[in-house]
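A.B. asks: Structural data only, the sequence is not supplied:
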Ligand code: ZN
Ligand code: ZN
């Protein structure tokens, strides 16, 4: 992978450090470490100053770190505290920033004690904010993750029939996704059938799928570290008018939002376009979650598209658009796609197999 992308990420971070008059940043969130260095192991901290970049891990990972993070000096021996102490001394650092939302009170106390001469400056979601706008390399990986996910949906359909358990569908789906190059499930898949489909987060259970059930499948995979996330609701055997109308309403709400979403609008404004339509039908309270979320190295990232979110969408952000309506005792429908925000609209990364409520009939 091209090191230029990592040079760019480092320079964006250093610009932020300069703006805030900070000498160095100690990074503890492994996902942020991966974003900034390329290193995918789990034991990792970074110390990034305006000129230097150190990756601190343990001996098990030294070779992997050398290979994956060529822009960093790798330190793979000694305790993290003693290494950090040494680096602060070598570079006469008077202050370092740290990730306040990714540091336990225990670690903070240890740090404070061993770096008694150094001022510790708390920062919140600094790297997370950089991560919201994806570079071309990230977009290509997200595109591929989305493609695998969309194709796996069409492949799972022949497997879904009355009598089969939700968990079997979920397992088979994971197998299909991995066969296409996915490395691990991005989250616990939702496979919610019949009345269970009114639970927005109905993780696959041992319930057997029955004729006439609505089935909501919400699934995604990691592809070279990047996540996909897609939802489709289908009917098994047949569907009544109520099911079809519910589906059309959710689809229409999603289409409204997709027409509206572009760079420059806020998270709450994106959410409102879909919510308005559902609320007009008197079902506002049955759409109990936000319209969508960013995704990248993690399946839920900034920005969120939800009521009260003032964050302005920017070109290069990748988000989900996932309205849903859930009727307890009856069932629910959610349709979720991944989109890339652009200046004048958004590009769909997933979009297939949703024009109308799909009814499976050949068993
Ligand atoms: Zn989802
Ligand atoms: Zn989602």
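C.D. replies: Yep, that arrived. Computed from a predicted model, the values in this text were never measured in an experiment. Ligands and ions are numbered 1, 2, ... in the order given.

A.B. asks: would you list every one of the helices in the stretch 151-300 of the chain?
C.D. replies: Along the stretch 151-300 of the chain, the segments classed as helices by DSSP state H, counting those that start in this stretch run 166-179, 241-260, 267-280.

A.B. asks: Adding mean pLDDT, write those out as a markdown table.
C.D. replies: Output for those, formatted as a markdown table (pLDDT from 0 to 100):
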| stretch | mean pLDDT |
| --- | --- |
| helix 166-179 | 97 |
| helix 241-260 | 98 |
| helix 267-280 | 98 |
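
A.B. asks: Out of those, which is closest to residue 77?
C.D. replies: Across the helices of the stretch 151-300 of the chain, residue 77 has its closest neighbour in helix 166-179 (35.4 Å, C-beta to C-beta). To be clear about C-beta, it is placed using only N, CA and C from the backbone, and glycine gets the same treatment.

A.B. asks: buried sites along the closest one?
C.D. replies: Neighbour counts over helix 166-179 (16 or more other C-beta atoms under 10 Å) mark 166, 168-170, 172-174, 176-178 as buried.

A.B. asks: So which residue is dead centre in this structure?
C.D. replies: By C-alpha atoms, centre = their mean, the mean C-alpha position of the chain lies nearest to residue 299, the distance being 2.0 Å.

A.B. asks: Torsion angles phi and psi at it?
C.D. replies: For residue 299, the backbone dihedrals are phi -80, psi -30 (criterion: degrees, to the nearest 10).

A.B. asks: what sits against it?
C.D. replies: By C-beta atoms under 8 Å, 6 or more residues apart in numbering, the contact set of residue 299 is 186-187, 220, 227, 229.

A.B. asks: For ligand 1, see how far away residue 96 is.
C.D. replies: Distance of residue 96 to ligand 1, computed by C-beta to the ion, to the nearest Å: 37 Å.

A.B. asks: That residue belongs to a helix?
C.D. replies: No: per DSSP: H, G, I helix; E, B strand; the rest coil, residue 96 lies outside any helix segment and is strand.

A.B. asks: can I assume it is in contact with residue 47?
C.D. replies: Yes: assessed by C-beta atoms under 8 Å, residue 96 is found in contact with residue 47 at 7.4 Å.

A.B. asks: isn't residue 258 right next to residue 321, touching?
C.D. replies: Yes: using C-beta under 8 Å, residue 258 is in contact with residue 321, at 6.0 Å.

A.B. asks: How is the chain partitioned into domains?
C.D. replies: 3-130, 136-360 (automatic domain parsing).

A.B. asks: Might you calculate how far the longest one sits from the centre of the chain?
C.D. replies: This points to domain 136-360. Relative to its chain's centre, domain 136-360 lies at 13 Å (C-alpha atoms, centre = their mean, to the nearest Å).

A.B. asks: which residues are contacting stretch 163-182?
C.D. replies: By C-beta under 8 Å, 6+ apart, the residues outside stretch 163-182 that reach it are 144-145, 148-149, 151-152, 155-156, 159-160, 184-185, 189, 191-193, 196, 204-209, 215, 217, 219, 221-223.

A.B. asks: Spell out for me the PyMOL command that would select the buried members of these.
C.D. replies: A single PyMOL command selects the buried members of the contacts of stretch 163-182 (16+ other C-beta under 10 Å):
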select buried, resi 144+145+148+149+152+156+160+185+189+191+192+193+196+204+207+209+215+217+219+221+222+223
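
A.B. asks: out of the contacts of stretch 163-182, which touch ligand 1?
C.D. replies: Near ligand 1, judged by C-beta under 5 Å from the ion, there are no entries from the contacts of stretch 163-182.

A.B. asks: still on that earlier bit, which of the buried residues of helix 166-179 come close to ligand 2?
C.D. replies: Contacts with ligand 2 are made by none of the buried residues of helix 166-179, judged by C-beta under 5 Å from the ion.

A.B. asks: could I get these as a markdown table with distance to residue 137?
C.D. replies: Putting these into a markdown table (distance: C-beta to C-beta, whole Å) gives the following:
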| residue | distance to residue 137 |
| --- | --- |
| 166 | 36 |
| 168 | 36 |
| 169 | 33 |
| 170 | 31 |
| 172 | 31 |
| 173 | 27 |
| 174 | 26 |
| 176 | 26 |
| 177 | 21 |
| 178 | 22 |
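
A.B. asks: Give me the more crowded residue out of residue 258 and residue 321.
C.D. replies: The neighbour count for residue 258 versus residue 321, taken as other C-beta atoms under 10 Å, is higher for residue 321 (26 against 18).

A.B. asks: ok so, going back, so of the contacts of stretch 163-182, which ones are in strands?
C.D. replies: 191-193, 215, 217, 219, 222-223 (DSSP state E).

A.B. asks: Which one of the residues you listed is nearest to ligand 1?
C.D. replies: Closest approach between the ones in strands among the contacts of stretch 163-182 and ligand 1, by C-beta to the ion: residue 219, at 7.3 Å.

A.B. asks: Can you tell me which of the ones in strands among the contacts of stretch 163-182 is nearest residue 356?
C.D. replies: Among those, and counting by C-beta to C-beta, the member closest to residue 356 is residue 215, at 15.5 Å.

A.B. asks: I'd say that closest one and residue 195 touch.
C.D. replies: No: assessed by C-beta under 8 Å, residue 215 is found out of contact with residue 195, at 11.7 Å.
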